[in-house]
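[1] have a look; sequence and predicted model below, questions after that.
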Protein chains: 2
Amino acid sequence: MGVGEFNLIQACFAGQGGNPKSGTRLGIGDDASVHHLARGMELVVSTDSAIESIHWPNDFPLPQAADRAVCAALSDLAAMGAEPLYAWLNVMAQDSKSVSAMGDGACAALARYDVELSGGDTCRSLVNSLSVTVAGQLPAGTAMRRSEANEKDAVWIVGKAGFHALGLQQWMGGKKKGYFVNYLQEIKPKLEAGVRLRELGVRCCIDISDGLLQDAGHIADASRLAMDIDLSLLPGWDILCRKAGEKHALRAVAHGGEDYALLLTAPDAMRFLDGFAVKIGHCAIGSGVSLRVGKRSIGVAELGGKGYDHFD
Amino acid sequence: MGVGEFNLIQACFAGQGGNPKSGTRLGIGDDASVHHLARGMELVVSTDSAIESIHWPNDFPLPQAADRAVCAALSDLAAMGAEPLYAWLNVMAQDSKSVSAMGDGACAALARYDVELSGGDTCRSLVNSLSVTVAGQLPAGTAMRRSEANEKDAVWIVGKAGFHALGLQQWMGGKKKGYFVNYLQEIKPKLEAGVRLRELGVRCCIDISDGLLQDAGHIADASRLAMDIDLSLLPGWDILCRKAGEKHALRAVAHGGEDYALLLTAPDAMRFLDGFAVKIGHCAIGSGVSLRVGKRSIGVAELGGKGYDHFD
């Protein structure tokens, strides 16, 4: 006989996560949670799933996988410039031990970023997975959007790109203590940076979850312009090349998601962004994303295709 | 070569669901959606997962399973008395055809109840499943809660109980055209009823998703009182007994979830609830839920245990 669903939920989730927020009228435990929103503020909501064998390898520790899943969802709030408040967790687990492991990891991440666990759902499934829905707030009209880039903007990045992908390759290749493996553990949603960018007046931002090429492409498409990015200007580019070789570095940066750096555009004149963010390129009239290393253009063939696609 | 993740999302989800709401500042398509909340209103949020082989049989049509998953989530808003506004869908699918089938069903339900599809996530998984997060609104302080029953309240129900469970049994037993099977299709979140109950001043309500015994128990526990329910007063009790026999009727009502009836308590004097809701019992000092048929008490043994538990 197992531990029982309600005992399990009680043990794994009750009182876990960050502190209750002042906007919460009714927290976890009823059919739904109820929230107030302060005047002049807007609510920002995002949701993300993470699935064993797809988003993390089978032999990866479950608490860490769940921690990462929460961080990935929070990263979307960072990209909007929102202050995180609430999370709702759907935990789908093979057995009660897996509920417990995923609950621990998810709640640790919520506690770390002081996000209230406001509700959720726990079910048995053949595959361990989580769906994480998060909500935050920001002053009305200030959300950073993909569609707000201008043709004369420069392109900046906050954080690294490519490190996670190389860590995953090392892990999958049996090098569990490889140089890049600690970047699998070190996922940090750039929440403070997101708020600061918004406060500094940045209007256009995205988080790099699917690789620089795809995510820069989302800005270019939504804003109807072209982007030109010099990979040699990326933070840590020299380390990537030295440790993995330029070929692997290129592919990891272009297609490797889950470093959760923030990619933003802003007028070149906003030089106060330097030091905090790193300028890596510029926008232009046209369409699509051009990658180069210094003056050398990088073609799609050299990148080994267009990146990961769940249904290609 | 598959259809590609972004094409699939575009084809299955863009422009689907209900009409955009006036509170939406930024809809589906960015890192997150952004919403305004009218003054004096509160936001009500719930999330639910539905998994193939757990929540629906393998041979059940996927669009219908996804439609049901959305309705199940909306039912939680009904139980609070909230007007539904937004949904975020996590679709986890074995292949692109399954994404499409689940997308169709989910969006059909959202369109039927005019709920805006505000965001989501589509991933490959070994098991078809969905997580559905929904949000609605109601005037501040009016949400119906499990904890608000009083010892002198009567107990009412809006909708049927037990019909879905018997339909599922018939389906699983190969009687795909059995009498109760159409109740598998006919899931209807009681959204209008929920709003009306709240407007009438009802303070305590829950939706029956896990069976009358468990869900009445949630009210009894949260409100720290006892409940006494006469099953013979349930809408359709005579049909259940005639078609399935009293033994099966008892178990289906006690443990069979997913009819999504609303169970509420209110002072006996609120007789205007009659006709709209059906009185089936009363609250009392004490703890726990007593079920009877007329004057005959029903014990746990007769009910074949305490009901479904994901991890027991």
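    Noted; the coordinates are in hand. Numbering: from 1, shown residues only, chains lettered A, B, ... in the order given.
[2] all helices for the stretch 1-150 of chain A, in order.
    For the stretch 1-150 of chain A, applying DSSP state H, counting those that start in this stretch gives helices covering A:5-13, A:62-80, A:96-112.
[3] out of the ones you listed, which gets nearest to residue A:288?
    Nearest of the helices of the stretch 1-150 of chain A to residue A:288, taken as C-beta to C-beta: helix A:62-80 at 21.2 Å. Yep, even glycine has a C-beta here, placed from its N, CA and C like the rest.
[4] tell me what angle the closest one forms with helix A:96-112.
    40 degrees (axes from the mean of the first three to the mean of the last three C-alpha atoms, to 10 degrees).
[5] other SSEs contacting helix A:62-80?
    Applying 3 or more C-beta pairs under 8 Å, 6 or more residues apart in numbering or on different chains; DSSP states H and E, we find helix A:62-80 packed against strand A:41-51, strand A:83-93, helix A:96-112, strand A:129-139, helix A:182-185, helix A:191-199, strand A:204-207.
[6] list of residues touching stretch A:284-303?
    Residues outside stretch A:284-303 that contact it (C-beta atoms under 8 Å, 6 or more residues apart in numbering or on different chains): A:151, A:212-213, A:216-217, A:220-221, A:224-232, A:246-247, A:250-251, A:254-255, A:306.
[7] and with 6 Å instead?
    A:151, A:213, A:216-217, A:220, A:226-232, A:251, A:254 (C-beta atoms under 6 Å, 6 or more residues apart in numbering or on different chains).
[8] quick one: low-confidence parts of the stretch 151-300 of chain A?
    A:186 (pLDDT under 70).
[9] circling back: any idea which of the helices of the stretch 1-150 of chain A is most buried?
    helix A:62-80 (a mean of 26; mean count of other C-beta atoms under 10 Å in any protein chain shown).
[10] would you pull up the residue in the stretch 101-250 of chain A closest to chain B?
    residue A:131 (3.5 Å; C-beta to the nearest C-beta).
[11] so how many other residues sit close to residue A:224?
    12 (other C-beta atoms under 10 Å in any protein chain shown).
[12] how close does it get to residue A:150?
    10 Å (C-beta to C-beta, to the nearest Å).
[13] over to residue A:289?
    16 Å.
[14] who has more neighbours, those two?
    When neighbours are counted by other C-beta under 10 Å, residue A:289 and residue A:150 differ, and residue A:289 comes out ahead with 21 against 13.
[15] buried residues in stretch A:134-153?
    A:134-138, A:142-146, A:148-149, A:153 (16 or more other C-beta atoms under 10 Å in any protein chain shown).
[16] neighbours around residue A:232, how many?
    Residue A:232 - counted by other C-beta under 10 Å - has 15 other residues nearby.
[17] make that residue A:22, sorry
    As a measure of burial, residue A:22 has 9 neighbours, counting by other C-beta under 10 Å.
[18] list the contacts of it.
    Per C-beta under 6 Å, 6+ apart, neighbours of residue A:22: none.
[19] also the one 10 residues further on?
    Contact analysis of residue A:32 by C-beta under 6 Å, 6+ apart lists B:44-46, B:76, B:80.
[20] can you tell me how far the residue lying closest to residue A:56 once chain neighbours are set aside is from chain B?
    Of all residues not flanking residue A:56 in the chain, residue A:65 sits nearest, at 4.2 Å (C-beta to C-beta, 6 or more residues apart in numbering or on different chains). To chain B, residue A:65 is 14 Å away according to C-beta to the nearest C-beta, to the nearest Å.
[21] so residue A:65 touches residue A:55, yeah?
    No - the criterion here is C-beta atoms under 6 Å, and residue A:65 misses it with residue A:55 at 7.4 Å.
[22] domains of chain A?
    Per the record, chain A has its domains at A:5-139, A:146-303, by automatic domain parsing.
[23] those domains: which one's closest to residue B:158?
    Nearest of the domains of chain A (C-beta to C-beta): domain A:5-139, 14.4 Å.
[24] residue A:160 and residue A:239 touch, don't they?
    No - here residue A:160 does not reach residue A:239: they are 9.0 Å apart, not a contact under C-beta under 6 Å.
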